[in-house]
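Novice: The sequence and its predicted three-dimensional model are supplied below.
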Amino acid sequence: MYPELFKIPFTYLTVKSYGLMLVVGFLAAVFLIKHLSHNIASPPQFITNAALYALIAGVVGSRIFYVMHHFEQFEGRLLSVFAIWQGGLEFLGGVFLATVVLVFYMRHHKLPVRQYLDIIAICLMLAAGFGRIGCFLNGCCFGKPINLPWAVRFPYGSYSYCNQINPDPARKRFQPYMELPPEFFHSFDKNNVRYSELKPYEELTEEQRKLVKSEYRCLPVHPTQLYESAALFGNSILLYLFWRRSQRAAKRKGSEGLFTKAGSTFALTFILYGISRFSIEFLRDDNPFEFDSLTISQNISAILMVFGIILMIILAKIKPDKTAKDI
């Protein structure tokens with residue numbers, strides 16, 4: 001786990017792994033958008049500007065969604081809402097706000113909305129794949145304990161470690177996976193049941209440091225961040241192939257295939273992402289259960305899948321002479 005890659009010389013600032021992977025994903029997405037949209041007649045700066053606005057909206061939307069979902073963490077310290085560098089972004093919120101901003105931007109500049117949304121959907125999955133690698137380096141979005149050859153162990157004090165040494169009633173787990181002795185904590189809670197303020201590794205004795213690397217070592221967990229990264233890269237490839245199929249169908253006059261209208265690739269994105277996120281949530285161990293013993297991400301994923309199917313059906317029924325127009 002490498003939440004901070006290195007410190008900037010002569011400053012107190014550090015380069016965060018999650019932020020760096022977001023930038024890498026953004027640059028990869030912009031490059032691919034320019035490559036795939038070269039046949040669409042519009043000034044190149046519109047594409048770059050749209051991508052930049054989408055990035056800003058994505059970060060803001062992700063933060064808003066996280067704050068709404070975990071508002072109890074910010075009670076009494078509302079200014080920390082703006083401390084994004086401390087972590088706390090949720091992908092689905094970012095996708096929603098970024099999509100809204102993109103649609104308004106493209107309609108304002110009279111760009112072919114559905115054609116660009118198809119391309120942006122491919123690139124969004126690519127960018128998100130890099131973002132999940134950042135999650136892995138940061139240690140968030142961790143999985144359940146499992147004994148598999150590819151399972152990973154996060155270090156003492158990580159999100160996964162803190163989760164394992166505490167009960168999690170929100171996930172219907174009322175006992176910790178691992179009982180850590182009181183001397184590893186600074187204090188007890190009011191009921192003297194749950195310990196709080198885990199001591200930093202630097203404050204541990206030599207004996208305690210040996211114990212957290214052996215007897216009290218973090219349990220191996222599913223690398224769910226990498227699972228989702230692989231799924232997102234796979235989604236991007238599938239969407240590209242689907243989009244190429246639509247492009248070939250558009251060149252055949254009078255011979256259109258099923259689900260080849262402009263916007264269909266964008267609609268398919270909701271289905272593919274919904275399936276992959278819904279499935280991976282079963283292996284994650286961080287999000288609380290909220291509705292029907294499912295996490296909020298699973299409930300939203302189910303809605304996205306239904307929305308994607310409906311949108312694909314609607315687009316398939318649009319008459320050919322309307323496909324060049326934006327809806």
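Specialist: Cool, got the structure.
Novice: I'd say residue 220 and residue 146 touch.
Specialist: Yes - between residue 220 and residue 146 a contact is recorded at 6.5 Å, counting by CB atoms under 8 Å. C-betas here are computed from N, CA, C, even on glycine.
Novice: Looking at these two now, which is surrounded by more residues?
Specialist: residue 220 (18 against 15; other CB atoms under 10 Å).
Novice: the strands in the protein, which residues?
Specialist: 4-7, 14-16, 185-188, 195-198, 289-291, 294-295 (DSSP state E).
Novice: Can you show me the helices along this protein?
Specialist: With helices called from DSSP state H, the chain shows them at 17-36, 44-69, 91-108, 113-138, 159-164, 206-211, 224-251, 264-280, 296-317.
Novice: ok, the nearest residue to residue 184 once chain neighbours are set aside - contacts?
Specialist: The spatial neighbour of residue 184 that comes closest, neighbours along the chain excluded (CB to CB, 6 or more residues apart in numbering), is residue 199 at 5.8 Å. Counting by CB atoms under 8 Å, 6 or more residues apart in numbering, residue 199 makes contact with 184, 185, 186.
Novice: ok, what's across the strand from the closest residue to residue 172 other than its chain neighbours?
Specialist: Using CB to CB, 6+ apart and skipping residues adjacent in sequence, the residue nearest residue 172 is residue 289, 6.3 Å away. Beta-bridge partners of residue 289, counted by DSSP bridges, are residue 295.
Novice: how close does residue 289 sit to residue 173?
Specialist: 10 Å (CB to CB, to the nearest Å).
Novice: Also residue 275?
Specialist: For residue 275, the distance to residue 173 - CB to CB - is 26 Å.
Novice: who has more neighbours, those two?
Specialist: residue 275 (17 against 14).
Novice: For the more buried one, which non-adjacent residue is spatially closest?
Specialist: That would be residue 305: by CB to CB, 6+ apart, it lies 6.5 Å from residue 275.
Novice: Spit out the contact partners of residue 132.
Specialist: 141, 225, 226, 228, 229, 232.
Novice: Looking at those residues, which one is closest to residue 99?
Specialist: residue 232 (16.3 Å; CB to CB).
Novice: Can you give me the neighbour number for the closest one?
Specialist: 26.
Novice: Equivalent analysis for residue 249, please.
Specialist: 16.
Novice: got it, and residue 179?
Specialist: Neighbours of residue 179 (other CB under 10 Å): 8.
Novice: Quick one, grab the pLDDT at it.
Specialist: Residue 179 is assigned a predicted lDDT (pLDDT) of 90.
Novice: What separation do you get for it and residue 221?
Specialist: 18 Å.
Novice: Could you list the low-confidence segments of the stretch 101-250 of the chain?
Specialist: For the stretch 101-250 of the chain, applying pLDDT under 70 flags the ranges 188-196.
Novice: quick one, what contacts residue 99?
Specialist: Contacts of residue 99 (CB under 8 Å, 6+ apart): residue 117.
Novice: can you check residue 90 too?
Specialist: 62, 65, 66, 69, 297.
Novice: what about 7 Å?
Specialist: Contacts here follow CB atoms under 7 Å, 6 or more residues apart in numbering; on that basis residue 90 touches 62, 65, 66, 69.
Novice: Please identify, among those, the one with the most neighbours.
Specialist: Ranked by the number of neighbours (other CB under 10 Å), the contacts of residue 90 place residue 62 first, at 24 neighbours.
Novice: List the contacts of it.
Specialist: 89, 90, 91, 93, 94.
Novice: Check those against residue 47 and report the nearest one.
Specialist: residue 94 (19.3 Å).
Novice: Do you know the pLDDT at that closest one?
Specialist: 78.
Novice: Is it correct that it is in contact with residue 61?
Specialist: Yes - between residue 94 and residue 61 there is a contact under CB atoms under 7 Å: 4.4 Å.
Novice: Make JSON lines out of the contacts of residue 90 and add distance to residue 285 and pLDDT.
Specialist: Below are those laid out as JSON lines (distance: CB to CB, whole Å; pLDDT from 0 to 100):
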{"residue": "62", "distance to residue 285": "21", "pLDDT": "81"}
{"residue": "65", "distance to residue 285": "20", "pLDDT": "78"}
{"residue": "66", "distance to residue 285": "18", "pLDDT": "76"}
{"residue": "69", "distance to residue 285": "17", "pLDDT": "70"}
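Novice: Let's have these in TSV, adding distance to residue 135.
Specialist: As requested, the contacts of residue 90 are exported to TSV (distance: CB to CB, whole Å):
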residue	distance to residue 135
62	12
65	15
66	13
69	16
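Novice: Which single one of those residues is nearest to residue 154?
Specialist: Nearest to residue 154 among these, with distances taken as CB to CB, is residue 66, at 20.6 Å.
Novice: distance of residue 281 from residue 56?
Specialist: 27 Å.
Novice: same question, residue 27
Specialist: 15 Å.
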